[in-house]
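K.L.:
Pasting a predicted model and its sequence here:
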Amino acid sequence: MSAVLDNDRKAQLAGLYEEMQPDHLFPLWEVLAKLVVPEPQSPAMPARWSYETIRRFLLRSGDLISAEEAERRVLILENPGLPGQSAITPRLYAGLQLILPGEIAPCHRHSQSALRFVMEGEGAYTAVDGEKAFMNRFDLILTPNGRWHDHGHPGNKPMIWLDGLDIPIVRYLDAGFSDRLDQPSFPESAPPASTQMHYGRNMRPVRSMAAADKAPDVPLFHYPYAQWSEALAAVSAHDAPDPWLGHALEFLNPADGGPVMATVSVGVRLIPAGFETGLRRSTEGAVYVVVEGAGQVEVDGTAIELAAGDIVVVPSWCAARWQARQQLVLFTYSDRGVLEKLKLYKEALA
Ligand code: GTQ
């Protein structure tokens, strides 16, 4: 409220507010400037986690609790500006999940959509509605909302991946449901990698009308490192880098050409050695994993050093500039698709 009020009117207004409070009424003019801001002021803070630190605590958790007992043995990356909210941005969640040889993380399904990005290990699988995807380092795996999923590990070394979920979005929309299956693993419904075979080469199956059954909205759920790294290398060998992003590719849902899932957009970047991007702000809140290389990202004037394995969050409308000392390869996910659908996506480039 901008007007200058004399003490008498102030006192009368204060009395009025107090009287209306039991009726659950509140004067807009006292809060309007906080509600309708000239530009986003995210409560989330830019932050970085080092993989080695998380890994150490995760492996200690592994000595104390099994995947079966935990249901999911995950350490949440909690944004320092959002304590207690289990969120890395106001709209997205991040955690690191550990599965040990022989373990099963039991089958469940929920309204939240998830991605997995493999940080370490090999030989574990995620099964989606009974179809296993065996995971290798830096593979992307999806468990879109409502699909049954369990994780298992027939291999012989610990396996760790990043979980990226839309937990805060589903919470905000009051739309969360979940179930547990009455057995640890979903019965095998298709041989491993069937979906890859049908959808993984930018094609989709066509069937006669009589045989047609409805394909899921998000059919493909495994995007192997071997494929995305090859695409990124080819593009970076031929194109000039985008001045603000470097070389950037987005993973697509082959059914509709849009982001891989309605609430989570996912991509990879390559910033050539010696390259420095321009300053960019956008309304997406984004999480980055340093897959390889070294450099720094300056976020709102503060330099964050980057080494392989680091996980960094850049909240909405923070100005970011990337610098690669050695070629940087980044994996990234954000809520950009949501903002675009809602006509709230904006960028400012300098
Ligand atoms: O693997 O299903 O980090 O349901 C959080 C919630 C992982 C999972 C998380 C989950 C999962």
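P.N.:
Yep, that arrived.

K.L.:
From here on, just use CA atoms for contacts and neighbour counts.
P.N.:
Fine.

K.L.:
Kindly report the residues of the protein close to the ligand.
P.N.:
By Cα under 6 Å from any ligand atom, the residues of the chain that approach the ligand are Arg72, Val74, Gly95, Asp163.

K.L.:
Export those as a markdown table, with columns for secondary structure and pLDDT.
P.N.:
As requested, those are exported to a markdown table (DSSP: H, G, I helix; E, B strand; the rest coil; pLDDT from 0 to 100):
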| residue | secondary structure | pLDDT |
| --- | --- | --- |
| Arg72 | coil | 94 |
| Val74 | strand | 98 |
| Gly95 | strand | 98 |
| Asp163 | strand | 98 |
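
K.L.:
Turn these into JSON lines, columns for distance to Ala286.
P.N.:
Shown next, in JSON lines, are these (distance: Cα to Cα, whole Å):
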{"residue": "Arg72", "distance to Ala286": "24"}
{"residue": "Val74", "distance to Ala286": "20"}
{"residue": "Gly95", "distance to Ala286": "14"}
{"residue": "Asp163", "distance to Ala286": "14"}
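
K.L.:
Is it possible to get CSV of those residues that adds neighbour count?
P.N.:
Listed next are the residues of the chain next to the ligand as CSV, based on neighbours: other Cα atoms under 10 Å:
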residue, neighbour count
Arg72, 18
Val74, 21
Gly95, 21
Asp163, 21
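
K.L.:
Out of those, which is nearest to Leu245?
P.N.:
Distances from Leu245 to the residues of the chain next to the ligand, taken as Cα to Cα, are shortest for Asp163 (23.6 Å).

K.L.:
pLDDT weak spots in this structure?
P.N.:
1-3, 211-213 (pLDDT under 70).

K.L.:
now the helices for the stretch 151-300 of the chain?
P.N.:
167-172, 194-199, 225-238 (DSSP state H, counting those that start in this stretch).

K.L.:
of those helices, which approaches Phe251 most closely?
P.N.:
In terms of Cα to Cα, the element of the helices of the stretch 151-300 of the chain nearest to Phe251 is helix 225-238, at 8.6 Å.

K.L.:
Would you mind writing the CA trace of that closest one as PDB?
P.N.:
What follows is helix 225-238, C-alpha atoms only, in PDB (Å, rounded to 0.1, in the frame of the first residue of the first chain):
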ATOM      1  CA  TYR A 225      23.900 -42.400 -23.800                       C
ATOM      2  CA  ALA A 226      25.400 -44.100 -26.900                       C
ATOM      3  CA  GLN A 227      22.600 -42.400 -29.000                       C
ATOM      4  CA  TRP A 228      22.500 -38.900 -27.500                       C
ATOM      5  CA  SER A 229      26.200 -38.500 -27.200                       C
ATOM      6  CA  GLU A 230      26.600 -39.400 -30.900                       C
ATOM      7  CA  ALA A 231      23.900 -36.900 -31.900                       C
ATOM      8  CA  LEU A 232      25.500 -34.100 -29.700                       C
ATOM      9  CA  ALA A 233      29.000 -34.800 -31.100                       C
ATOM     10  CA  ALA A 234      27.700 -34.700 -34.700                       C
ATOM     11  CA  VAL A 235      25.800 -31.500 -34.200                       C
ATOM     12  CA  SER A 236      28.700 -29.800 -32.400                       C
ATOM     13  CA  ALA A 237      31.100 -30.800 -35.200                       C
ATOM     14  CA  HIS A 238      29.000 -29.100 -37.800                       C
END
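
K.L.:
Helix, strand or coil: sort out Ala14 for me.
P.N.:
Per DSSP: H, G, I helix; E, B strand; the rest coil, the secondary structure class of Ala14 is helix.

K.L.:
gap between it and Asp166?
P.N.:
Using Cα to Cα, to the nearest Å, Ala14 is found at 41 Å from Asp166.

K.L.:
out of the helices of the stretch 151-300 of the chain, which comes closest to Ala87?
P.N.:
helix 167-172 (6.6 Å).

K.L.:
May I ask you to confirm that Asp150 is in contact with Lys132?
P.N.:
No: between Asp150 and Lys132 there is no contact under Cα atoms under 8 Å: 9.0 Å.

K.L.:
Quick check: neighbours shared by those two?
P.N.:
Taking Cα atoms under 8 Å, 6 or more residues apart in numbering as the contact rule, Asp150 and Lys132 both touch Thr126.

K.L.:
how about the helices of the stretch 151-300 of the chain in CSV, adding mean neighbour count?
P.N.:
Output for the helices of the stretch 151-300 of the chain, formatted as CSV (neighbours: other Cα under 10 Å):
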stretch, mean neighbour count
helix 167-172, 17
helix 194-199, 16
helix 225-238, 14
